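> Have a look; sequence and predicted model below, questions after that.
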Amino acid sequence: QLQLVETGGNLVHTGGSLTLSCVASGSTLDSNVIGWFRQAPGTQREGISCISMETGNTYYADSVKDRFTISGDSAKNTVYLTMDNLKPEDTAVYYCAAILYTRALVTSPELYDVWGQGTQVTVSA
C-alpha cells in the first residue's frame with residue numbers, strides 16, 4: 001500500500017528557496033500522477049503542480065508558474081518541489097498526493113487517492 005511522506009518545510013525569507021521532498025514507500029510511484037497541494041489557514045486546498053511519473057509531463061498553476069519546479073526520481077521513489085523566489089503568500093502547509101495508475105494531469109484534490117501528512121512552509125516578509 002502506497003504511503004507518502006513530505007519533508008523539507010521550513011521558515012525562509014522573501015525571495016528565498018526551498019526544496020520539498022515527497023518520499024514514497026510500500027509501492028512504486030511509477031504509473032502514477034503525483035501532485036503538490038497547499039493550504040493556508042482559512043482557505044481551500046490548492047493544487048499547484050503535478051507530474052506524470054510515466055511520461056514526465058508536468059503542470060503548474062499560474063500562482064507558481066516560473067517559480068516552482070516539480071521533478072521525479074523513480075530510482076529514489078521520490079518527487080521534489082523546488083520553490084524559488086518565495087513570497088509571503090506562499091506560506092501554507094504543503095501536501096503531496098498520488099492518483100494511482102493514470103497519466104492525467106489534474107489538480108482537483110478529490111481525485112487523489114493517497115495523501116501525505118503535510119509539511120509547513122513559512123515565508124517571512
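Received the coordinates, thanks. Here the structure is a predicted model, which means the values were calculated and not measured. Numbers count the residues shown, from 1 in each chain.

> Start and end of stretch 10-23, how far apart?
Taking Cα to Cα, to the nearest Å, stretch 10-23 runs 17 Å from one end to the other.

> buried ones in it?
12, 18, 20, 21, 22, 23 (16 or more other Cβ atoms under 10 Å). For the C-beta atoms, the positions are set from N, CA and C on the backbone; glycine is no exception.

> Also stretch 29-47?
29, 32, 33, 34, 35, 36, 37, 38, 45, 46, 47.

> Closest to residue 93 out of the residues you listed?
Taking Cβ to Cβ as the measure, residue 93 lies nearest residue 38 of these, at 6.7 Å.

> Excluding covalently adjacent residues, which one is nearest to that closest one?
What sits nearest to residue 38 in space, not counting adjacent residues and going by Cβ to Cβ, 6 or more residues apart in numbering, is residue 92, at 3.8 Å.

> do you know how far that neighbour is from residue 21?
Using Cβ to Cβ, to the nearest Å, residue 92 is found at 17 Å from residue 21.
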